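Student: just a sequence and a predicted model for now, questions to come.
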Amino acid sequence: MHSQVPQYLDIEDKIIGPLTLKQFIYLLLGAGALFLLFNVLKLSVFIIVAIPISILIFLVTFYKIGNQKFSQFVFSLFKFLGRPNIYTWKKLPPKKPSEEPIPKIIEKAKPLKKAPKENELEEVQWKVELKK
């Protein structure tokens, strides 16, 4: 039984025209915010406020930086800026030499055993074979 393996799992589905659901919601919320501002503010103040808000809405909706969504980029930027960025190395003070002398232990080297001769090896072999 053969079945198809899904591919391109990291690409979101286009639900409303060329837009994904997230993009559509971003645009819808941005348009709603601009509509509320239009009803509350005077026209000259609204234009000054609406231009940066609409640029931000379009950036969040469509723009990618380094194959990363703009919203994720801004989140990572604030996360990076919120952490301390200064790395210091604390040098430890040098250790003071101890006042007591350290005793030196010297062991005498044991003489090396001579290599066993062939007769001795044969004796060991016989003993091992007999014990089996």
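Tutor: Nice, I can see it.

Student: contacts only, for the spatially most central residue of the chain.
Tutor: Nearest to the mean C-alpha position of the chain, by Cα atoms, centre = their mean, lies residue 76 at 12.0 Å. Counting by Cβ atoms under 8 Å, 6 or more residues apart in numbering, residue 76 touches residue 68. Yep, even glycine has a C-beta here, placed from its N, CA and C like the rest.

Student: before we move on, which element is it in?
Tutor: Per DSSP states H and E, residue 76 falls inside helix 70-82.

Student: quick check: mean pLDDT of that helix?
Tutor: Here helix 70-82 scores 89 as its mean pLDDT.

Student: following element in sequence after it, please.
Tutor: Next along the chain after helix 70-82, with elements defined by DSSP H and E, is helix 118-131.

Student: that next one - contacts with which helices or strands?
Tutor: The helices and strands touching helix 118-131, judged by 3 or more Cβ pairs under 8 Å, 6 or more residues apart in numbering; DSSP states H and E, number zero.

Student: coming back round to it: can you point out the buried residues in the helix holding residue 76?
Tutor: 70, 73 (16 or more other Cβ atoms under 10 Å).

Student: for that helix, the distance to its chain's centre please.
Tutor: How far helix 70-82 lies from its chain's middle: 14 Å, per Cα atoms, centre = their mean, to the nearest Å.

Student: what stretches of the chain score poorly on pLDDT?
Tutor: The chain contains residues with pLDDT under 70 at 1, 97-103, 106, 108-118, 131-132.

Student: from the centre of it, point out the most distant residue.
Tutor: In the chain, by Cα atoms, centre = their mean, residue 119 is the one farthest from centre (66.5 Å).

Student: any idea which element residue 46 lies in?
Tutor: helix 43-62.

Student: that should have said residue 29, apologies.
Tutor: helix 21-40.

Student: buried residues in that helix, which are they?
Tutor: 23, 26-27, 30, 34.
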